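>>> Dropping a prediction and its sequence here:
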Amino acid sequence: MDLLSNAIVLTAECLCKAHTFRTEIPLSKLPLEGNVCHCDSCRHSIGALYVVETTWPQPRESVDISGLERYQFSANITYRFCRTCSTLMFYESQKYPSKLGVFSGSLKNIDTDVLKLTKHIYVEDTLDGGASIWFRKPNADGKEIPRYRERSEEIPWDWPQASNVVGLAETHQEQRPIPIWCHCKGIELCFHPPNYDGKLREELPWFIDPRTKKSLASFDVCDSCRLHFGVDIVNWTFVSLANISSLNGSAFPKTTAELKAAVDAGDSAVGTLAYYQSSDDVQRYFCKVCSASAFYACEDRPEILDLAIGLLEAPGGARAETYLSWTFGDTPSWADDTKGGWRERMINRVQADAEEFRIARGYPKSWRRLDKEG
């Protein structure tokens, strides 16, 4: 930003950089106001626990988005995403044909407060509050923003009561499979949580909490993951391919090499999965129809995938605390990617809100943090 200027250049881009959109906007028009949506449909269409949507400053007719893939999200809303790397960039609304919506994850991280979150909508869909708990005071003014069951009827910040949420204090036990699905249902899989009861710490995979035998649930703010999803904070868990099956129980690839080969061959077992090769040894999997981000695979972990938590349909709620061990209040992975821009300040507030939630619920620090603290 030119300090002598009264305007900045706002940029939206995709991960593979095939699509870049820029427009100049007066500083007086910033920050842009955005809603945080937690509905089931948004979760399963992106793979994250939430989406943030705001209005692109230019009129719809001034922006050529013809090169982006279309997905009819609803009767009113059309998504626009990159068909190569899956970045969810824009949406069009029949109710507001002159406007173009933009998803926050595609916005460049400049040193100006670009975004102000104003409210949480469809929080009731999460059952457990979902990601709203770490966006309680997300803005520079330090004020709480309201949460709504849908678009009206505000709900208090103590909803739901801790006694109504199956959480971290519960130990692992034999669990029923958890459905994994994207919005268009082109991806329909099941995760079968393994039973690690009786295993010693040294016998457990690196991503299993030795206290609860649950899988790690992480906060990731790296630029590549952000752009892969189109959202500012990505939440991954980690699974063995041996514990994933097709919804009908049929076989699913057991290694990352087999998964890549199945997608290349158009095998029906992998549904509408596609991938973007973001580096020589990394594949980022997504639904080629609705753009939902699904998996991260790398060749040095041939039997393990990062799984997008937003695609899970766990009975206890969006955070799936019955199955997952969250790192509430820990420093997010790849936090250095946010340095020097507006996201750095936002992520610091998110970390503080998550830590406040952890303490209020009486949850212990994550085992990873305790290991680091010695």
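On my side now, so go ahead. Numbers count the residues shown, from 1 in each chain.
>>> can you pull out the strands in the stretch 251-374 of the chain?
Using DSSP state E, counting those that start in this stretch, the strands of the stretch 251-374 of the chain run over residues 273-279, 282-287, 293-298, 304-308, 324-326.
>>> For this protein, which segments count as helices?
Listed in chain order, the helices of the chain (DSSP state H) span residues 40-46, 223-229, 256-265, 342-361, 367-373.
>>> could you dump those to CSV with mean pLDDT, distance to residue 155 and mean neighbour count?
Every C-beta, even on glycine, is put in place using the N, C-alpha and C of the backbone. CSV is the format used below for the helices of the chain (pLDDT from 0 to 100; distance: least, CB to CB, whole Å; neighbours: other CB atoms under 10 Å):
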stretch, mean pLDDT, distance to residue 155, mean neighbour count
helix 40-46, 98, 17, 24
helix 223-229, 98, 26, 24
helix 256-265, 98, 40, 17
helix 342-361, 97, 16, 18
helix 367-373, 96, 30, 12
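>>> out of those helices, nearest to residue 250?
helix 256-265 (12.1 Å; CB to CB).
>>> where in the stretch 251-374 of the chain is pLDDT low?
For the stretch 251-374 of the chain, not a single residue meets the criterion pLDDT under 70.
>>> Pass me the low-pLDDT residue ranges in the stretch 51-200 of the chain, would you?
163-175.
>>> ok, 50 please
Where the stretch 51-200 of the chain drops to pLDDT under 50, the residues are 167-169, 173.
>>> Export the strands of the stretch 251-374 of the chain as a markdown table, with columns for mean neighbour count.
Converted to a markdown table, the strands of the stretch 251-374 of the chain look like this (neighbours: other CB atoms under 10 Å):
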| stretch | mean neighbour count |
| --- | --- |
| strand 273-279 | 18 |
| strand 282-287 | 24 |
| strand 293-298 | 24 |
| strand 304-308 | 24 |
| strand 324-326 | 25 |
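>>> Ok, which of the helices of the chain comes nearest residue 330?
With CB to CB as the criterion, residue 330 lies closest to helix 367-373 of the helices of the chain, at 5.1 Å.
>>> Which among the strands of the stretch 251-374 of the chain is found nearest to residue 185?
Nearest to residue 185, of all the strands of the stretch 251-374 of the chain, is strand 282-287, at 9.3 Å by CB to CB.
>>> List the neighbouring strands of that closest one plus their orientation.
Neighbouring strands of strand 282-287 in its sheet, by DSSP bridges, are strand 273-279 (antiparallel), strand 293-298 (antiparallel).
>>> Relative to residue 255, which of those is closest?
Closest approach to residue 255 among the strands paired with strand 282-287 (CB to CB): strand 293-298, 9.4 Å.
>>> quick check, distance from that closest one to the centre of its chain.
The chain centroid and the centroid of strand 293-298 are separated by 12 Å, computed with CA atoms, centre = their mean, to the nearest Å.
>>> Taking helix 256-265 as reference, get the angle to it.
Strand 293-298 runs at 130 degrees relative to helix 256-265, counting by axes from the mean of the first three to the mean of the last three CA atoms, to 10 degrees.
>>> Name the surrounding residues that touch strand 293-298.
Residues outside strand 293-298 that contact it (CB atoms under 8 Å, 6 or more residues apart in numbering): 46-48, 86, 180, 182, 187, 225, 228-229, 234, 236, 256, 259-260, 273, 275, 281-287, 305-308, 311.
>>> Could you pull up the residues touching residue 356?
136, 329.
>>> brain fart, residue 77
Residue 77 neighbours (CB under 8 Å, 6+ apart): 91, 92, 93, 94.
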